[in-house]
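# show me how the following folds:
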Amino acid sequence: MTSQVTFRVKVGVSNQHCAAVVGDCPSLGGWDPRKAVELQKEDSNVWSCAVPLPEGKPVQYRYMVCDVRRDKGNKKVMVIKWETYRQPRTFTPSGESSTAEGGSFGSYDGEGCAVDQGWLVDETEISLRLHSSVAPPITLFNQQEVNRKFNIKVVPINIQELQNPTGEEEDDSSTGDDLPVTYKVLNATQWCPSIQGQYGHPWDNNSYLIFTTQVFNPQNWAFDILLYEESEITAAKSNNPALPVAKATVLPTNMTGSTGVVCVPIHNRHNRLLGQINVDYLIITPMSDMCTAEVSYARYWRKRKTLDVGHRGMGNSYTAATVSHIRENTIASLMSAANHGAAYVEFDVQLTKDKVPIVYHDYKACISTKTKKGTSDAQLMEVAVMDLTLQDLQSLKLDHKTAKKLLADKEAGIEEEPPDVHPFPTLRKVFNSLPEHVNFNIEVKFPLLQQDGTWEEGMDTYYDRNEICDVIMREVLENGGNRRILLSSFDADCCILLRRKQNKYPVLFLSQGVTERWEEMMDVRCRTTPIATSFALSEGLLGVDIHAEDILRNPTFVEDIAKAKLVCFVWGEDINDPANMSLLKSMEVDGIIYDRMYEHRTLSLNVFQEEELTPYNGQVL
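Below is the predicted model:
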């Protein structure tokens with residue numbers, strides 16, 4: 001028997017968007033957002049649709065707000081927001097007809113985040129950023145102009161529409177007028193994205209101003225950057241609005257790769273050259289068919305006692321003051337930390353030359369070579385991991401330079417060691433080798449530009465961020481299973497990509513904060529804990545992962561992060577000191593990442609295994 005089920009929900013939706021329902025059965029799309037059933041507007045903010053479903057068989061479902069376009073017969077979907085409680089809604093059809101009254105969007109009993117931003121399904125996200133990380137972005141050539149105060153507004157321009165004003169054979173129905181652009185400022189009060197107003201947003205050289213939009217065909221879109229004079233905005237009236245005093249245009253051909261800085265000229269109203277503007281852009285492309293609407297842990301976290309996280313497994317085995325006795329980032333090191341009760345094991349992932357995700361911390365490895373004269377002294381040569389294939393890494397006698405120096409006087413090679421302590425395990429091997437109760441904190445590696453203008457380990461050439469994140473995330477999503485997984489990166493843009501490309505796993509932003517131990521980074525988002533916190537809030541990350549030195553020097557940061565409803569992990573060698581470890585736990589930080597867990601814990605279950613033996617409120621979370 002079939003029951004005609006009416007799904008009804010109350011939700012405010014803009015003219016370009018619609019409400020939709022997606023669920024666990026074929027009639028509701030099988031959790032595929034592209035197959036979600038579109039609802040029709042009844043009146044005001046009430047949306048509904050009727051779907052035939054098997055009588056007496058429970059269904060699970062969620063509501064979404066979408067932008068749905070047809071591109072030459074193909075359906076393209078943009079998920080604007082969706083319901084993300086850990087448990088979906090449920091309904092059991094009965095009788096010839098029944099109604100699943102949904103109440104208000106996001107309002108039902110559940111745990112976690114009720115409503116979250118969508119992930120990238122078919123659309124590409126483009127952000128234009130103005131900031132003074134290197135130098136003020138706006139340069140006016142006439143020195144008499146430099147003190148002028150401007151508002152900045154970004155207006156998308158559909159190039160195809162300009163080329164084909166009749167609209168015939170047009171493959172993108174959007175125009176610049178109906179394409180929303182949000183802005184946000186990386187500070188403590190303006191981090192939340194908002195739709196830009198008539199005159200954009202005020203600019204000053206201390207701001208970090210971000211404009212963002214989503215488009216289906218990025219190659220069709222240019223962006224006008226309009227400058228409005230502050231004094232003219234003040235004097236403007238509703239029937240006589242202020243006009244832009246200057247304009248710059250960023251073309252799609254200016255933006256190559258995931259990120260970059262493009263310098264474009266600024267012209268005044270009379271088309272005379274006024275100056276130039278440096279625009280830092282970020283382009284995020286979608287991963288096709290990798291994510292569904294079944295479940296999301298991206299914003300889900302249950303507060304527990306401070307979690308113990310094994311740094312590179314059992315810890316730094318190369319460069320710390322006291323090194324681990326097991327080679328870091330190996331199967332053996334990760335498993336040893338798990339056996340000592342690590343709630344998560346943390347490890348670093350990067351790509352080989354043939355684009356295989358491997359587990360290794362440094363961007364370079366060392367190979368021992370002998371001179372032509374045949375002397376016994378071996379020469380050490382550093383080689384970038386990205387220049388070596390997986391076969392190279394696993395067949396050559398490669399290792400960290402410190403390990404090579406220690407082995408210089410030994411004839412034994414890595415191949416004579418047990419396989420589980422060999423360096424460079426693949427990410428897939430780590431998934432396949434460690435039991436599912438071993439949870440992962442995966443750090444995605446990307447070299448950072450330092451304040452002195454040099455790159456970490458001299459890595460001034462590296463892979464494109466979209467490519468790195470796509471390859472690694474496909475491996476994670478295909479092999480994650482029921483394992484708890486946290487994603488993290490020191491690279492702020494990688495964090496954004498990891499968050500926007502998928503909807504399942506949470507992301508933490510790693511920050512070294514203020515320290516004299518390492519060179520300060522060029523990216524202002526990395527420099528202090530407060531701005532790292534604002535960044536995490538602005539991008540919808542689960543939280544931040546702060547260097548212990550910064551937290552121990554400024555304990556109030558922990559309170560600030562908690563007030564922002566963000567998760568706070570702490571990392572660094574300082575945690576290896578039992579007194580510091582005890583202090584951080586007393587601050588109730590969410591997790592501490594440290595070395596040599598065997599010095600602090602005996603062989604034991606992790607906290608999640610213990611909870612399975614004693615469920616929380618009758619259930620395991």
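
# show me the contact partners of stretch 515-528.
131-134, 186, 208, 448-454, 490, 492, 509, 511-514, 531-532, 535, 547, 549-550 (Cβ atoms under 8 Å, 6 or more residues apart in numbering). C-beta here means a position set from N, CA and C on the backbone, and glycine is covered the same way.

# which ones among these map onto strands?
Judged by DSSP state E, the subset of the contacts of stretch 515-528 located in strands is 131, 208, 509, 511, 547.

# from these, pick the one nearest residue 220.
The nearest member of the ones in strands among the contacts of stretch 515-528 to residue 220, counting by Cβ to Cβ, is residue 131 at 26.9 Å.

# dump the residue contacts of the closest residue to the closest one other than its chain neighbours.
Counting by Cβ to Cβ, 6 or more residues apart in numbering, the nearest residue to residue 131 once its immediate chain neighbours are dropped is residue 208, at 4.2 Å. Remark: with contacts taken as Cβ under 8 Å, 6+ apart, residue 208 is in contact with 129, 130, 131, 133, 185, 186, 187, 524, 525, 531.

# state the mean pLDDT of the helix or strand hosting residue 127.
Using DSSP states H and E, residue 127 sits in strand 124-131. On average, the pLDDT along strand 124-131 is 97.

# could you do stretch 535-554 as well?
The average pLDDT within stretch 535-554 is 97.

# what residues of that stretch count as buried?
535-552, 554 (16 or more other Cβ atoms under 10 Å).

# now swap in stretch 511-529 and tell me
By neighbour count on 16+ other Cβ under 10 Å, the buried set for stretch 511-529 is 511, 512, 513, 521, 522, 523, 524, 525, 526, 527, 528, 529.

# ok now that stretch, how far from the chain's centre?
Remark: stretch 511-529 is offset 19 Å from the chain centroid, using Cα atoms, centre = their mean, to the nearest Å.

# end to end, how far does it reach?
One end of stretch 511-529 to the other measures 7 Å (Cα to Cα, to the nearest Å).

# over to stretch 21-37?
Taking Cα to Cα, stretch 21-37 runs 5 Å from one end to the other.

# now the residue lying closest to residue 25 once chain neighbours are set aside: phi and psi?
Nearest non-adjacent residue to residue 25, counting by Cβ to Cβ, 6+ apart: residue 59, 5.4 Å away. Main-chain dihedrals, residue 59, degrees, to the nearest 10: phi -120, psi 150.

# list the contacts of residue 59.
Here residue 59 is in contact with 23, 24, 25, 28, 53, 90, 91, 92, 93 (Cβ under 8 Å, 6+ apart).

# partners of the first one in the sheet?
Beta-bridge partners for residue 23, by DSSP bridges, are residue 61.

# hey, where'd the helices end up in the protein?
For the chain, the helices defined by DSSP state H occupy 159-163, 230-235, 331-339, 390-395, 401-406, 427-433, 465-479, 492-501, 529-538, 548-553, 556-563, 578-586, 607-613.

# residue 81 is nearest to which of the ones you listed?
With Cβ to Cβ, the closest approach to residue 81 among the helices of the chain belongs to helix 492-501: 13.5 Å.

# that older thread, could the buried residues of stretch 511-529 be laid out in JSON lines, adding pLDDT?
Below are the buried residues of stretch 511-529 laid out as JSON lines (pLDDT from 0 to 100):
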{"residue": "511", "pLDDT": "96"}
{"residue": "512", "pLDDT": "93"}
{"residue": "513", "pLDDT": "91"}
{"residue": "521", "pLDDT": "93"}
{"residue": "522", "pLDDT": "94"}
{"residue": "523", "pLDDT": "95"}
{"residue": "524", "pLDDT": "94"}
{"residue": "525", "pLDDT": "95"}
{"residue": "526", "pLDDT": "91"}
{"residue": "527", "pLDDT": "93"}
{"residue": "528", "pLDDT": "95"}
{"residue": "529", "pLDDT": "97"}
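
# what's the closest of those residues to residue 400?
For the buried residues of stretch 511-529, the nearest to residue 400 is residue 512 (20.8 Å; Cβ to Cβ).

# so who does the nearest residue to that closest one once chain neighbours are set aside touch?
Nearest non-adjacent residue to residue 512, counting by Cβ to Cβ, 6+ apart: residue 547, 4.7 Å away. Neighbouring residues of residue 547 by Cβ under 8 Å, 6+ apart: 511, 512, 513, 515, 570, 571, 572.
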